[in-house]
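> predicted structure and sequence below. I'll ask about it afterward.
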Amino acid sequence: MISALESLTAEITGFSTPIDDKVMLSWQLSQIRAAMRRAAEKNTAYAKRFAEVDISKVDSYDALRLIPFTYPEEIAAEPEAFNCEAGRNIARITSLRTSGSLGAPKRIYFTERDLQRTVRLFEMGMAPIIGTYGKRCLVMMSDASPGSIASLLKEGVERSGVPTVIYGNIRDIDNAAGAVCRGDTIVGIPAQIIHLCRKYPWLRPESVLLSADYVPAPAAHAIRKLWRCRVYTHYGMTETCFGCAVQCRERGAQHLRHDSLLIEIVDPASGRQLDFGREGEVVVTAFANEAMPLFRYCSCTVRKQATENKR
């Protein structure tokens with residue numbers, strides 16, 4: 001079965017599905033080399049960062065080690081060193097704090113094209129989650145400000161004809177329960193949704209997408225059991241323009257956004273790339289980001305990649 005994200009990748013790359021792993025990796029590496037050259041031309045800080053890198057030799061998964069890591073603290077300290085677009089081209093700036101840090105927040109820049117890529121991702125990625133019987137999408141996170149994750153989700157889902165309501169973060173659990181209708185697809189933060197589910201087990205949404213935080217397996221199981229609905233998980237970061245990986249099939253592996261990202265799993269102590277199936281730190285190269293391309297960005301989250309190219 002071809003996943004929604006692989007269909008999106010085929011749309012962007014022009015490849016026929018199923019996409020061969022080697023063909024996909026070769027295309028991603030070519031995009032990374034082009035993004036590195038563009039970043040060096042647009043930003044003197046990137047030119048200095050890549051001064052000793054022979055970009056033409058970044059031609060294999062192992063060769064990614066030629067590229068220096070990017071750390072969250074660097075972005076927090078000097079965000080303009082990673083911005084490759086003029087101010088007039090910036091459609092949104094999001095500020096967020098590095099996990100565990102009391103220092104300056106990171107400022108992440110987006111162009112309108114960056115945001116529209118995410119809208120298309122949400123349009124296609126949400127389709128199997130809403131399914132045939134989903135009547136409405138209820139976004140119980142974020143806010144309705146232009147360019148927010150909730151507003152982008154609303155725009156993407158409504159392109160497919162499904163009405164979407166932005167409720168926002170749950171602050172009053174009783175009020176939130178009153179907003180849920182039978183047949184809803186709920187998108188929300190795991191801790192808030194499990195609390196809602198346990199207090200109101202008789203609610204009957206059609207499906208739930210848990211996002212924006214770690215999802216413990218028992219939490220997903222409890223929601224599935226109490227609400228008798230399908231439950232999916234999403235993993236993303238603001239730095240990747242919100243999307244990264246999502247389950248396109250309930251209880252299946254998360255599928256990666258290969259059209260925009262290349263993921264490595266590394267040993268957080270040594271920085272050494274780990275074999276597929278090993279658990280380590282997620283390192284992301286966001287080569288499609290127009291405003292703020294990031295190369296070997298250390299996410300400070302621990303995961304494992306099940307196969308070489310999971311679509």
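Now that the structure is in, tell me what you want to look at. Numbering: from 1, shown residues only.
> strands of the protein, residue ranges please.
For the chain, strands defined by DSSP state E occupy the ranges 90-96, 106-111, 136-140, 164-166, 184-188, 207-210, 230-235, 245-247, 254-256, 262-266, 279-286, 294-304.
> between those, which gets nearest to Phe82?
strand 294-304 (6.7 Å; CB to CB). All C-beta atoms are positioned from the backbone trio N, CA, C, and that covers glycine.
> need the contact partners of that closest one.
Contact partners of strand 294-304, identified using CB atoms under 8 Å, 6 or more residues apart in numbering, comprise 32, 35-36, 39, 64, 67-72, 82, 98-99, 235, 237, 239, 264-265, 268, 277-287.
> ChimeraX command for the buried members of those residues?
Per 16 or more other CB atoms under 10 Å, the buried members of the contacts of strand 294-304 correspond to this ChimeraX selection:
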select :32,35,36,39,64,67,70,72,82,98,235,237,239,264,265,280,281,282,283,284,285,286,287
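> what's around Gly87, how many residues?
Residue neighbour count, defined by other CB atoms under 10 Å, stands at 8 for Gly87.
> which stretches of the stretch 101-250 of the chain aren't confidently modelled?
Across the stretch 101-250 of the chain, the stretches falling below the confidence threshold (pLDDT under 70) are 101-103.
> what segments of it are helices?
If DSSP state H, counting those that start in this stretch is used as the criterion, the helices of the stretch 101-250 of the chain fall at 112-130, 149-159, 173-179, 190-199, 217-227.
> compare those helices and give me the one nearest Phe15.
helix 112-130 (15.7 Å).
> how near is Ala40 to Lys48?
9 Å (CB to CB, to the nearest Å).
> the more surrounded of those two?
Each of Ala40 and Lys48 has its neighbours counted (other CB under 10 Å); Ala40 has more, 19 against 11.
> how deep is the nearest residue to the more buried one once chain neighbours are set aside tucked in, by neighbour count?
Using CB to CB, 6 or more residues apart in numbering and skipping the chain neighbours, the partner closest in space to Ala40 is Ala47 (4.4 Å). Around Ala47 there are 12 other residues, counting by other CB under 10 Å.
> output the helices of the stretch 101-250 of the chain as CSV; include the columns mean neighbour count.
Formatted as CSV, the entries for those read as follows, by neighbours: other CB atoms under 10 Å:
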stretch, mean neighbour count
helix 112-130, 21
helix 149-159, 21
helix 173-179, 14
helix 190-199, 19
helix 217-227, 16
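> at the geometric centre of the chain, which residue sits there?
Among the residues of the chain, Gly243 comes closest to the average C-alpha position under CA atoms, centre = their mean, at 2.1 Å.
> longest single helix anywhere in the chain?
With DSSP state H setting the assignment, residue counts place helix 21-42 as the longest helix in the chain.
> surely the residue nearest to the centre of the chain touches Arg257?
Yes - with contact defined as CB atoms under 8 Å, Gly243 and Arg257 form a contacting pair (5.4 Å).
> okay, and the common contacts of those two?
Common contacts of Gly243 and Arg257, defined by CB under 8 Å, 6+ apart, comprise Leu121.
> tell me the predicted confidence for the nearest residue to Glu80 once chain neighbours are set aside.
Nearest-residue entry for Glu80: Ala45, 7.7 Å, with adjacent residues in sequence omitted and distances by CB to CB, 6+ apart. Ala45 carries a pLDDT score of 96 in this model.
> quick revisit: can you lay out the strands of the chain as TSV showing distance to Ser3?
As requested, the strands of the chain are arranged in TSV below (distance: least, CB to CB, whole Å):
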stretch	distance to Ser3
strand 90-96	28
strand 106-111	25
strand 136-140	20
strand 164-166	22
strand 184-188	18
strand 207-210	15
strand 230-235	12
strand 245-247	9
strand 254-256	5
strand 262-266	16
strand 279-286	19
strand 294-304	18
